[in-house]
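In: Build the 3D model from these lines:
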Amino acid sequence: DGTQSFSVLPKLLKFSSNNGYGLVSAKRAFERLLGIDLFSRRDEGGNQWGLDAIGAQEVWAGTGSFKGVTGEGATVAILDTGIDYSHSEFKGRIVGGWDFVNNDPIASDGHGHGTHVAGTIAGANDGIGVTGVAYNAKIMPIKVLSDSGWGTFEAVNKGIRYAADNGADVINLSLGGGNFNQSTYDAIKYASKKGSVVAMAAGNSAGDVPIYPARYATDFGIAVGAVDLNKNMAWFSDRAGETLIDYVTAPGHNIYSSLPGNRYARWSGTSMATPHVSGVMALISSYNSSLLSDEIEELLKITSSNTGEDNQGQSSVNTQITTLENIAMRDGVVNDILIGPIQPIENGSLISERQGDFYALGDFTTTFRATQNNYVSTGAMEFDPTKEKLQSTNNSTVDIASSITSNVIGIGEKQAMTNHFDFNA
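Out: Down below sits the predicted model:
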């Protein structure tokens with residue numbers, strides 16, 4: 001009969017113009033993926049505070065039948081200044097790669113930036129120096145920036161496509177600058193569609209929006225801002241902005257990692273935050289290599305701090321669920337799930353001032369018409385799916401001009417102020 005079953009999202013995704021979906025969490029991502037709670041582990045502290053902030057140790061150690069993952073089987077392409085091939089942190093785990101600056105197969109690092117990024121992603125867990133988030137992952141070094149730290153769109157675009165064509169599960173772009181470039185956008189789209197999930201640094205100019213290419217995360221990949229030791233936004237980090245974009249944060253201030261010549265140093269920047277996210281994505285790919293890039297991005301968003309801290313241990317969301325949010329519903333909705341809140345929009349017909357939750361799951365086509373002077377605070381109080389309606393305490397109404405409703409299931413969070421939604425035409 002075409003009926004589909006869905007898992008109920010316990011909380012709507014919470015997006016902030018400041019920090020997007022919030023601080024990424026490997027622990028919560030795996031709890032969501034596995035449908036279990038992972039035992040907490042001892043913090044590393046000191047130079048390894050970034051691992052503590054994202055809950056990497058809990059994923060390494062596992063819980064119960066989940067024996068943990070450390071990145072084995074996953075490959076992370078690092079498009080940067082190259083890598084120090086002789087550094088002890090990466091022994092036996094550097095694969096492939098290319099130098100698009102000098103057009104040769106050796107992506108050596110005469111700057112240090114790429115080697116520092118690589119240490120955060122996959123430095124060895126040997127008790128020396130730095131331990132990477134996915135310390136058993138393979139590293140594919142792709143040199144697209146010169147030893148002075150500059151590069152061209154052409155080199156970056158070729159590097160992205162090279163990584164995707166050569167089996168990179170994750171692509172790290174701790175770089176940025178310039179304006180919109182169609183070829184770069186197309187390359188990121190190409191990689192994403194081919195199965196490589198792309199992490200991009202948001203930028204270090206304390207701007208209101210990310211720089212390019214991170215700004216392409218409105219469509220493909222994920223932008224990464226930086227937080228400090230106290231999990232506050234780093235002063236230099238570019239923010240998420242008002243436009244909905246896949247944007248999370250990660251440790252990026254005074255990050256201790258590797259440098260050429262078996263050296264180490266503390267560097268700051270969204271370039272240092274991005275490899276934390278790439279490491280988490282490598283852990284996820286290590287566990288389930290069949291996940292699509294947008295599924296991994298969605299998993300990170302829903303388990304990052306703005307939403308995920310209230311939903312630990314929830315079961316996995318069916319990947320058939322799609323999300324509608326931040327859209328004025330003027331001409332109707334055809335979707336499998338409608339999820340609020342609806343953000344304030346100029347001349348919009350539905351506005352949520354209280355950030356309440358509204359879930360109506362099922363196959364439906366409906367057109368909304370607001371009363372109440374063109375605004376409504378949405379939030380499900382009591383939902384009886386057999387009666388196909390949401391009922392509130394104050395009985396104020398928002399009429400639906402027309403509807404065809406079937407298989408409506410689910411429940412929303414209890415709110416003090418809600419409204420009555422009648423699904424009967």
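
In: for this protein, longest helix please?
Out: Longest helix of the chain, by residue count under DSSP state H: helix 270-287.

In: Output it as CSV, nothing but the C-alphas.
Out: Output of helix 270-287 as CSV, limited to C-alpha atoms (Å, rounded to 0.1, in the frame of the first residue of the first chain):
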residue,chain,number,x,y,z
THR,A,270,39.7,26.6,11.7
SER,A,271,42.3,24.7,9.8
MET,A,272,43.0,22.9,13.1
ALA,A,273,39.3,22.3,13.8
THR,A,274,38.5,20.8,10.5
PRO,A,275,40.8,17.7,10.9
HIS,A,276,39.0,16.8,14.1
VAL,A,277,35.8,16.6,12.1
SER,A,278,37.5,14.7,9.3
GLY,A,279,38.8,12.3,12.0
VAL,A,280,35.3,11.7,13.3
MET,A,281,34.0,11.1,9.7
ALA,A,282,36.9,8.6,9.2
LEU,A,283,35.8,6.7,12.4
ILE,A,284,32.2,6.5,11.0
SER,A,285,33.5,5.4,7.6
SER,A,286,35.7,2.8,9.3
TYR,A,287,32.6,1.3,11.0
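
In: What's the mean pLDDT across it?
Out: Averaging pLDDT along helix 270-287 yields 98.

In: and if you look at stretch 246-259?
Out: On average, stretch 246-259 scores 97.

In: Could I get the full set of strands for the stretch 1-150 of the chain?
Out: 75-80, 98-99, 138-143 (DSSP state E, counting those that start in this stretch).

In: Find the one among those strands with the highest mean neighbour count.
Out: Highest mean neighbour count of the strands of the stretch 1-150 of the chain: strand 75-80, a mean of 30 (counted as mean count of other Cβ atoms under 10 Å). All C-beta spots, glycine's among them, are computed from the backbone N, C-alpha and C.

In: Restrict that strand to CA atoms and write it as PDB.
Out: Extracted in PDB, the C-alpha atoms of strand 75-80 (Å, rounded to 0.1, in the frame of the first residue of the first chain):
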ATOM      1  CA  THR A  75      41.300   6.700   3.900                       C
ATOM      2  CA  VAL A  76      41.500  10.500   4.500                       C
ATOM      3  CA  ALA A  77      42.800  12.700   1.700                       C
ATOM      4  CA  ILE A  78      44.400  15.900   3.000                       C
ATOM      5  CA  LEU A  79      44.600  18.600   0.500                       C
ATOM      6  CA  ASP A  80      47.200  21.000   1.900                       C
END
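
In: Now do that strand: which elements does it pack against?
Out: With contacts taken as 3 or more Cβ pairs under 8 Å, 6 or more residues apart in numbering; DSSP states H and E, strand 75-80 sits against helix 113-122, strand 138-143, helix 153-165, strand 170-173, helix 270-287.

In: The same query, at a cut-off of 7 Å, please.
Out: helix 113-122, strand 138-143, helix 153-165, strand 170-173 (3 or more Cβ pairs under 7 Å, 6 or more residues apart in numbering; DSSP states H and E).

In: Now render these as TSV, adding distance to Ser304.
Out: As requested, the helices and strands packed on strand 75-80 are exported to TSV (distance: least, Cβ to Cβ, whole Å):
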stretch	distance to Ser304
helix 113-122	18
strand 138-143	25
helix 153-165	24
strand 170-173	17
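
In: Out of those, the one nearest Thr63 is which?
Out: helix 113-122 (23.2 Å; Cβ to Cβ).

In: so what secondary structure elements neighbour the closest one?
Out: Using 3+ Cβ pairs under 7 Å, 6+ apart, helix 113-122 is in contact with strand 75-80, strand 138-143, strand 255-259, helix 270-287.
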